[in-house]
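> fold the stuff below for me.
(chains A, B, C and D)
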Number of protein chains: 2
Amino acid sequence: MGDRKSRPDRERRRNERRGEFVEAARRAVAEHGIGVSMDQIAAEAGVTKPVLYRHFRDKDDLYAAVAADFVQRLLAELATVLGDSRDPTELLRTGIDCYLAMVERDPDLYRFLTRSARNSVIDDLAGRVSTQIAVVVGEQLREARRDSGPAEAWAHGIVGMVSAVGEWWITNPVIPRAALVQYLLDLLWRGFAGMAPVRTDAGGAGRPS
Amino acid sequence: MGDRKSRPDRERRRNERRGEFVEAARRAVAEHGIGVSMDQIAAEAGVTKPVLYRHFRDKDDLYAAVAADFVQRLLAELATVLGDSRDPTELLRTGIDCYLAMVERDPDLYRFLTRSARNSVIDDLAGRVSTQIAVVVGEQLREARRDSGPAEAWAHGIVGMVSAVGEWWITNPVIPRAALVQYLLDLLWRGFAGMAPVRTDAGGAGRPS
DNA sequence: GACTTGCCGTTACCATCAGTAACATCGAGG
DNA sequence: CCTCGATGTTACTGATGGTAACGGCAAGTC
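As a prediction, the model looks like this:
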């Protein structure tokens, strides 16, 4: 079809507008909880519903945009914080910490994304993230000359673990974030094995209570 | 009004009926997918909607009943299979395997429970299961004379991990269940430690491969 | 046998919400 | 002046969760 390349202005404007709506959706979620309706989001954006539907095919599409925005911010933050460290431990720790930091900063948005009704868009996104992680894990496994078979399963497992813990933690913030990150890191890094041997003299993990 | 203790018949009959409806819900899910409507469930049960609502306060209540049934079956199966083994490894392996076996047996029901729209009932249930697991984990940690602080976080993490992997696996059954269980067990038991460049001071861990 | 009581079932309705159709407006350019 | 395209609105449809109001059936009581 001859969509004659209308001036880039148009395209840019359109993206800007999408961004505004995504932001409005975030505000609406903050105000009305995770059960926001399209009407409420539209109202928050200062327009009415059909306008929203001119920019997003359906509600899932909006959800996806919000989620993509979230992921993008997460990745940006990760890039900032990670620098160029390739140490797997740091990768893991920083990844978990960033994720939980975002959860901590915007719990409602987080719940909106994870528990936001019927849609598989978030799943897709989580799946892509998991696949990304699987690549890294696979690399690390191969580098260590180990079977890379578990990579994908592990990746999904890690994502699920961190995500579930995040959800539990935002409603039960019984411990500071740093401690939680350390716990998860311990589990993912050394596993339960660390708990079996009774090395009483090892690094002072004695009995705090 | 005199709530004269009506004969236990009444109560029993009522519970039976609830059970029938739960089963009908399972069939309806199998037939219509995870987006079943109350009308469809009622039809599957051979009645109409208001009858359903005489037995369940709302849809969440029905969901909760279905989920509780699922968990009960899971626990029963666990009890059968576990016997009285207290070996943590076996506990973990059997728990994971039972869970994935149920996921494998009834994928639609599983998706229905986990991704079934707006409700926090499933969360509550998962939370209770996690808490249960946390108790066991805490015991094991204390037995090993280690800090039991991570118990709850770990429990939620394990549940989240297994659950997420289950979800990924039912849509991507690229490996047999046994292998998947082994992968998860490896990760939870020994962690990434085996894959990292050998840590010079790590003492016992070494190369388990 | 008629009368109350409690359960079971129905039809018909309401409210909410995603999504759409049709119309109104404004600015740019022939 | 009129068309075109983008933006906005009001007012609708359709599906679905949930409810109200009615009717009938079985059993104990007079």
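> how is chain A divided into domains?
Per automatic domain parsing, the structural domains of chain A span A:9-56, A:59-191.
> and for A:L184, the neighbour number?
Number of residues near A:L184 (other C-beta atoms under 10 Å in any protein chain shown) recorded here: 25. C-beta coordinates here come from the backbone N, C-alpha and C atoms, glycine included.
> I'd guessed it sits against A:I158; true?
No: applying C-beta atoms under 8 Å, one finds A:L184 not in contact with A:I158, separated by 9.1 Å.
> pLDDT on the helix or strand where A:A43 lies, on average?
Secondary-structure assignment from DSSP states H and E places A:A43 in helix A:38-44. Averaged across helix A:38-44, the pLDDT comes to 94.
> and it, which residues are buried?
In terms of neighbour count (16 or more other C-beta atoms under 10 Å in any protein chain shown), helix A:38-44 has its buried residues at A:M38, A:Q40, A:I41, A:A42, A:A43, A:E44.
> from these, which are also near DNA strand C?
Among the buried residues of helix A:38-44, the residues lying close to DNA strand C (C-beta under 7 Å from any atom of the strand) are A:M38.
> which one of the buried residues of helix A:38-44 sits closest to DNA strand D?
Nearest to DNA strand D out of the buried residues of helix A:38-44 is A:A42 (C-beta to the nearest atom of the strand; 7.1 Å).
> surely the closest one and A:V51 touch.
Yes: assessed by C-beta under 8 Å, A:A42 is found in contact with A:V51 at 6.6 Å.
> low pLDDT regions in chain A?
Residues of chain A that meet the criterion pLDDT under 70 lie in A:1-11, A:117-120, A:194-209.
> ok, 50 please
Low-confidence segments of chain A (pLDDT under 50): A:1-6, A:199-209.
> how about the residues of chain A by DNA strand D?
A:S6, A:R10, A:R13, A:R14, A:R17, A:V47, A:T48, A:K49, A:P50, A:V51, A:R54.
> again, 6 Å this time
Selection of chain A residues close to DNA strand D by C-beta under 6 Å from any atom of the strand yields A:S6, A:R13, A:V47, A:T48, A:K49, A:P50, A:V51.
> how many residues are close by the fifth one?
Pointing back at A:K49 there. 14.
> might you report the residue contacts of it?
Counting by C-beta atoms under 8 Å, 6 or more residues apart in numbering or on different chains, A:K49 makes contact with A:M38, A:D39, A:A42.
> ok, so of these, who is nearest A:A164?
A:M38 (28.7 Å; C-beta to C-beta).
> mind checking how far the closest one is from chain B?
15 Å (C-beta to the nearest C-beta, to the nearest Å).
> that residue touches A:V51, doesn't it?
No: between A:M38 and A:V51 there is no contact, the gap being 10.5 Å when judged by C-beta under 8 Å.
> hmm, stretch A:87-104 touching chain B?
Yes: contact of stretch A:87-104 with chain B (C-beta under 8 Å from any C-beta of the partner chain) involves A:P88, A:T89, A:L92.
> what does stretch A:133-152 give?
Yes: looking at stretch A:133-152 against chain B by C-beta under 8 Å from any C-beta, the contacts come from A:Q140, A:L141, A:A144, A:R146, A:G149, A:P150, A:E152.
> buried stuff in that stretch?
A:133-134, A:136-138, A:140-141, A:144, A:146, A:148, A:150-152.
> can you tell me how far the closest residue to A:E31 other than its chain neighbours is from DNA strand C?
Using C-beta to C-beta, 6 or more residues apart in numbering or on different chains and skipping the chain neighbours, the partner closest in space to A:E31 is A:E44 (7.0 Å). Distance of A:E44 to DNA strand C, given as C-beta to the nearest atom of the strand, to the nearest Å: 13 Å.
> what distance do you get for A:E44 to A:F56?
14 Å (C-beta to C-beta, to the nearest Å).
> go on, A:G157?
32 Å.
> please apply the same query to A:V181.
Counting by C-beta to C-beta, the gap from A:V181 to A:F56 is 35 Å.
> between those two, point out the one with more neighbours.
Set side by side, A:V181 and A:F56 show more neighbours around A:V181, with 23 against 20, by other C-beta under 10 Å.
> so what's that one up against?
Contacts of A:V181 by C-beta under 8 Å, 6+ apart are A:R93, A:I96, A:D97, A:L100.
> likewise for A:D39?
A:D39 is in contact with A:T48, A:K49, counting by C-beta under 8 Å, 6+ apart.
> show me what from chain A comes close to DNA strand C.
Chain A comes close to DNA strand C at residues A:S37, A:M38, A:D39, A:K49, A:P50, A:Y53, A:D58, A:K59, as judged by C-beta under 6 Å from any atom of the strand.
> try it again with 10 Å
Contact residues, chain A versus DNA strand C (C-beta under 10 Å from any atom of the strand): A:7, A:32, A:35-42, A:48-54, A:56-63, A:116-119.
> among those, name the ones in strands.
Judged by DSSP state E, the residues of chain A next to DNA strand C include no members of strands.
> got a quick PyMOL command for the buried subset of the residues of chain A next to DNA strand D?
Of those, the buried ones can be selected in PyMOL as follows, counting by 16+ other C-beta under 10 Å:
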select buried, chain A and resi 47
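> counting neighbours, what do you get for A:L52?
21.
> ugh, wrong one, A:Y183
Using other C-beta under 10 Å, A:Y183 has 21 neighbouring residues.
> isn't it right up against B:G149?
Yes: under the criterion of C-beta under 8 Å, A:Y183 makes contact with B:G149 at 7.2 Å.
> mutual contacts of the two, please.
A:I175.
> of all pairs in the residues of stretch A:133-152 next to chain B, which one is the farthest apart?
A:A144 and A:E152 (16.7 Å).
> what segments of chain A are helices?
Counting by DSSP state H, one finds helices in chain A at the ranges A:8-32, A:38-44, A:49-55, A:59-82, A:88-105, A:107-114, A:121-143, A:151-171, A:177-190.
> quick check: A:Q72 vs B:A144, distance?
For A:Q72, the distance to B:A144 - C-beta to C-beta - is 42 Å.
> and if you look at A:G138?
In terms of C-beta to C-beta, A:G138 sits 32 Å off from B:A144.
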